[in-house]
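Undergrad: next one to model:
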Amino acid sequence: LSLLLSLGATKDMGKMLGGDEEKDPDAAKKEEERQEALRQEEEERKAKYAKMEAEREAMRQGIRDKYGIKKKEEKEAEAQAALEANAEGSLTRPKKAIPPGCGDEEEEEEESILDTVIKYLPGPLQDMFKK
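TA: Residues are numbered from 1 along each chain as shown. Sure thing, here's the model as predicted:
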């Protein structure tokens, strides 16, 4: 212990051994300055990233304009406006669009398949199915 004390580690060793800590009279002021510096650094960082994101968004918009691409929000807004325009004056929910190849066309297709099968049957069986 005396060797360490002679090396100039008296303050730190005294604290480690449980001795009385030396109170810094300006500790509160230093802590406040440190917190203010941290807040300032955080604001500068946020400003830097906001600027970078604005530059990126400008570049993205240029690409969208060049290739005629719309933002996801714009597409959704247009789709919603189209639905509202179609449903305007209607008391019921909008009808769902029937995809091509569904509905009445299927029945016609089944009949044509049946007709095709009948064509390949012998004559007396064709007569039975046609009646």
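
Undergrad: for the helix ranked longest in the chain, packing partners?
TA: Ranked by residue count under DSSP state H, the longest helix found in the chain is helix 27-67. Helices and strands touching helix 27-67, as assessed by 3 or more CB pairs under 8 Å, 6 or more residues apart in numbering; DSSP states H and E, are absent. In short, each C-beta sits where N, CA and C put it, glycine included.

Undergrad: tell me the angle the following helix or strand past that helix makes with helix 27-67.
TA: Next helix or strand after helix 27-67 toward the C-terminus (DSSP states H and E): helix 72-87. Relative orientation of helix 72-87 and helix 27-67, computed by axes from the mean of the first three to the mean of the last three CA atoms, to 10 degrees: 60 degrees.

Undergrad: so for helix 72-87, mean pLDDT?
TA: Average pLDDT, helix 72-87: 82.

Undergrad: keeping just the C-alphas, turn that helix into CSV.
TA: The C-alpha coordinates for helix 72-87 follow below in CSV (Å, rounded to 0.1, in the frame of the first residue of the first chain):
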residue,chain,number,x,y,z
LYS,A,72,-47.2,3.3,-52.9
GLU,A,73,-49.2,6.0,-51.1
GLU,A,74,-50.2,7.6,-54.4
LYS,A,75,-51.4,4.2,-55.8
GLU,A,76,-53.4,3.6,-52.7
ALA,A,77,-55.0,7.1,-52.8
GLU,A,78,-55.9,6.6,-56.5
ALA,A,79,-57.4,3.2,-55.8
GLN,A,80,-59.4,4.6,-52.9
ALA,A,81,-60.6,7.5,-55.0
ALA,A,82,-61.7,5.2,-57.8
LEU,A,83,-63.7,3.0,-55.3
GLU,A,84,-65.4,6.1,-53.8
ALA,A,85,-66.2,7.4,-57.3
ASN,A,86,-67.8,4.0,-58.3
ALA,A,87,-69.7,3.8,-55.0
